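Chemist: here is the input, now give the coordinates:
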Amino acid sequence: MKKSILVAVLAAVLSLGVSCLHAFAQAQAQAYPGMAQPTAQPTALAPGQPARIALLDVVYVFKNHARLKAMRVQLKEDAMRVKQDINARQKQIMQMSEELRQLDKASDMYKEREEKITELQARLQVEMKKAELGFMQREAREMHMVYQEVRQATEYLCQKYGYDLVLMSSRTEFNQDNPDSVYAEMSRPVVWHRGIDITDQVLVELNRGVAAPNPNADLRNDPRPANPYPR
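Modeler: Next up, the predicted model:
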C-alpha cells in the first residue's frame, strides 16, 4: 500500500483549515444526528472588539487519535491477509511454471497448462490492483471521517469557550541540523502565541469514551465510536 495517500490527505487537511462556523455545525448535525451540538449562536464582533483566536495542531491530533490508531491497525491487518493470499497464489503459479518446463512443448497438455498459467497471472494482476485501490480509498474515507470529527470537536470547544477563530499550528520540534526541518519551522504560520493552543482539549474530546483498541475487533463496518461529547 502506498504511503502517498496518507501524505495527500494530510496535505488536504492542512489546506482546508479549521474555523468556528455555525453553518458547518448544522451540516454535521444532519450527518451525525447523535452528536451533541452547541446551542449558542455566533455573533458578529462589535467595532473595535478583538477576535479571540486559538491554535490547533491537526497533525498531532491525527497521530494521537485513539480511534484512528485502531483503524490503522485494522487496515494493516487486512492488508497483510490480502498480501498472504497473493503470495500463496504467486507461489502456486511459480510451481505450475516449474512443472510446465518438464512437459513437451509440442504436447496439448503443455498448451493447456500454459494458457492456464497466463490466465491465472492476468487475473492475479487485476485483483492486486483492485485490492490496492480499495485500501487507498478506505484509508482516505477513514481520514476524512476523522477530520470531520476534529472539526466538530473544535466547533464545540469554540462555542463553549468563546473562540472566534482557530488557526493551524505545529508542535513539532525542529532539527537545526536538518535543512527540511529548518525550512518547515520557518514556514510555520504561527511564530509565537500566549498559551492559546487548544490541541489537547480537542484531543480529549475526540478520545473521550473511546476504549483501548481491541485487536480482535473488526472496525470496517463501525464508522463511528459512541458519542464522546457531553450533552
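Chemist: quick one, strands of this structure?
Modeler: 53-56, 165-168 (DSSP state E).
Chemist: what's the closest of those to residue 105?
Modeler: When the strands of the chain are compared by CB to CB, strand 165-168 sits nearest residue 105, at 64.9 Å. Every residue, glycine included, has its C-beta placed from N, CA and C.
Chemist: just the buried residues of the closest one, please?
Modeler: 166, 168 (16 or more other CB atoms under 10 Å).
Chemist: could you do stretch 105-115 as well?
Modeler: In stretch 105-115, counting by 16+ other CB under 10 Å, buried: residue 113.
Chemist: what of stretch 119-134?
Modeler: Buried-residue list, stretch 119-134, by 16+ other CB under 10 Å: 124, 131.
Chemist: dump the strands of the chain to TSV, plus mean pLDDT and distance to residue 72.
Modeler: Formatted as TSV, the strands of the chain follow (pLDDT from 0 to 100; distance: least, CB to CB, whole Å):
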stretch	mean pLDDT	distance to residue 72
strand 53-56	88	21
strand 165-168	85	22
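Chemist: now these as CSV including distance to residue 142?
Modeler: CSV is the format used below for the strands of the chain (distance: least, CB to CB, whole Å):
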stretch, distance to residue 142
strand 53-56, 20
strand 165-168, 21
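Chemist: out of the ones you listed, which is closest to residue 97?
Modeler: strand 165-168 (53.7 Å).
Chemist: list the pairing partners of that closest one within its sheet, with orientation.
Modeler: Note on strand 165-168: by DSSP bridges, its sheet partners are strand 53-56 (parallel).
Chemist: buried set for the partner strand?
Modeler: For strand 53-56, a neighbour-count test (16+ other CB under 10 Å) marks 54, 55, 56 as buried.
Chemist: neighbours of the spatially closest residue to residue 121 that is not a sequence neighbour, how many?
Modeler: Distance criterion CB to CB, 6 or more residues apart in numbering; nearest residue to residue 121, sequence neighbours excluded, is residue 93 at 6.0 Å. Neighbourhood size, residue 93 [other CB atoms under 10 Å]: 15.
Chemist: for residue 93, what are its contacts?
Modeler: By CB atoms under 8 Å, 6 or more residues apart in numbering, the contact list for residue 93 reads 117, 120, 121, 124.
Chemist: can you show me the helices along the chain?
Modeler: 4-16, 22-31, 58-63, 66-100, 108-161, 179-186, 199-207 (DSSP state H).
Chemist: so who does residue 127 touch?
Modeler: residue 86.
Chemist: just the pLDDT at it, thanks.
Modeler: Looking at residue 127, its pLDDT reads 95.
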